[in-house]
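Enquirer: here's a sequence, model it:
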Amino acid sequence: MARFTLPRDLYHGKGSIDELKNFKGKKAIVVVGGGSMRRFGFLDRVVDNLKEAGMEVSLFENVEPDPSVETVMRGAKAMQEFEPDWIVAMGGGSPIDAAKAMWAFYEYPEVTFEDLIVPFNFPELRQKAHFCAIPSTSGTATEVTAFAVITDYEKGIKYPMADFNITPDVAIVDPDLAEKMPQKLTAHTGMDAMTHAIEAYVSTLNCNYTDGLALHAIKMVHDDLKQSYDGDMDARDRMHDAQCLAGMAFSNALLGIVHSMAHKTGAVYSGGHIVHGCANAMYLPRVIQFNAKDETAAKRYETIAKHMGLTADSTVAYVDALVKEIKAMNASLNIPDAIKDYEGGIIDETEFMDKLSKVAELAIGDACTGSNPRIPTQDEMEKLLKACYYGEDIDF
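Expert: Next comes the predicted model:
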């Protein structure tokens, strides 16, 4: 038996943010990030809509990128004091992910962070509040997923939390918000969406319900991301839908080791963070090469390549064509091919090698590894990470 879970309601299209005025409740807390939603007027619009619905509204602002355990606990405390019956999270993946974790601590103050990082170990939510997510970026799709990523900065580790309990009750996918994304963010979030869809399609937990979503999302991202990056707002609007479809797929089929590696390399180096979507983009071609040694995965990559409109004369050639196409997409979006070139070389080679063994061990233990077509050994994961650092192709 398998399970397929999505939000109860998904409102989409321009102006769908105004559906908030029809919500039923007494109190709503709005969780947002660093200020762009306020600057562009979307925060005021959300607050006005909720007040029109008859609710008292409180704000929790300034959730940082890659939200920390400390921010989650501060937000949970604010919720415990305000006692909302709606949690409305708006912005990129960070404030929405943080709000998901806050939700658990709000309803169960005694639960520990260590409890929640065990996959599918959340207590039963919706005892005090329901959850609405409104994304402003076109990549994470956390508005429709059973996942959140929280960073423990003391350990330098990003922890993916996974539980169907944290799938939002309502998602509002309004492309007006995404039209304000800067170009680099458009690139990174777009390749995050591509990685979601590809990993979901080759996941060992794929099924008829996820395959169609994944393939259609792949085609949409392939067709629209570069135009969105170049400022075509019609393409930007379509990308907002594409990333959501990819999220529906991976929330139910799960992911693979591209994400395992991105989670464990994101916050571990002293030179700076590797932005999640950019990490996925850099790692995806090498992981495709690694996974394609599995015959079933190779056939699925062939299907993806055909769906993109690529041509070849064998499964191996289709896999090669897909790898080249992903690399070409990255290049067209000014995404580097190797970790060593990320942000002008901020990830030091010596530090990377010193931490390689531990990072590889943590990546293998990541929650996303179990549904990957091939489970890498310690030696294989180290080779994969080194290939990503130097921008090398792999054949093992």
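
Enquirer: gap between Asn62 and Thr71?
Expert: Look at Asn62 and Thr71: by Cβ to Cβ, to the nearest Å, they are 8 Å apart. Any C-beta I mention is one placed from the backbone N, CA and C, and that applies to glycine too.

Enquirer: same thing with His216?
Expert: Here His216 is placed at a distance of 35 Å from Thr71 (Cβ to Cβ).

Enquirer: the more surrounded of the two?
Expert: Counted by other Cβ atoms under 10 Å, His216 and Thr71 do not tie: Thr71 has more neighbours, with 22 against 17.

Enquirer: what does the host helix or strand of the more buried one contact?
Expert: Element membership of Thr71 [criterion: DSSP states H and E] is helix 69-82. For helix 69-82, the external contacting residues (Cβ atoms under 8 Å, 6 or more residues apart in numbering) are 27, 29, 31, 58, 60, 63-64, 87, 98-99, 101-106, 109, 113, 129, 150-153.

Enquirer: tell me if I'm right that Gly139 and His188 touch.
Expert: Yes. Counting by Cβ atoms under 8 Å, Gly139 does reach His188; the two are 7.0 Å apart.

Enquirer: got the domain ranges for this structure?
Expert: 9-178, 183-390 (automatic domain parsing).

Enquirer: okay, the ones you listed in JSON lines with mean pLDDT and distance to Ala2 next?
Expert: Output for the domains of the chain, formatted as JSON lines (pLDDT from 0 to 100; distance: least, Cβ to Cβ, whole Å):
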{"stretch": "domain 9-178", "mean pLDDT": "96", "distance to Ala2": "12"}
{"stretch": "domain 183-390", "mean pLDDT": "97", "distance to Ala2": "6"}
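
Enquirer: what's the overlap in contacts for Gly139 and His188?
Expert: Gly277.

Enquirer: tell me the centre residue of this structure?
Expert: Among the residues of the chain, the one closest to the centroid is Thr140, at 3.1 Å (Cα atoms, centre = their mean).

Enquirer: skipping its backbone neighbours, what lies nearest that residue in space?
Expert: Once flanking residues are discounted, Thr140 sits nearest to Gly93: 3.2 Å by Cβ to Cβ, 6 or more residues apart in numbering.

Enquirer: compute the number of surrounding residues for that neighbour.
Expert: Look at Gly93: counted by other Cβ under 10 Å, it has 29 neighbours.

Enquirer: against Met381, how distant is it?
Expert: 25 Å.

Enquirer: same check, this time on Gln289
Expert: Gln289 is 14 Å from Met381, by Cβ to Cβ.

Enquirer: look at those two and report which has more neighbours.
Expert: Legend: neighbour count by other Cβ under 10 Å for Gln289 and Met381, higher for Met381 (25 against 20).

Enquirer: and the more buried one, what is it in contact with?
Expert: Each residue near Met381 by Cβ under 8 Å, 6+ apart is listed here: 257, 261, 360-361, 363-364.

Enquirer: could you work out the most separated pair of the residues you listed?
Expert: Taking Cβ to Cβ as the measure, the contacts of Met381 span a maximum distance of 13.1 Å, between Ile257 and Glu361.

Enquirer: looking at the two, which is more packed in?
Expert: Ranked by neighbour count (other Cβ under 10 Å), Ile257 and Glu361 place Ile257 first, with 29 against 13.

Enquirer: I'd guessed that one sits against Ala363; true?
Expert: Yes. Using Cβ under 8 Å as the test, Ile257 is close enough to Ala363 to be in contact (6.8 Å).
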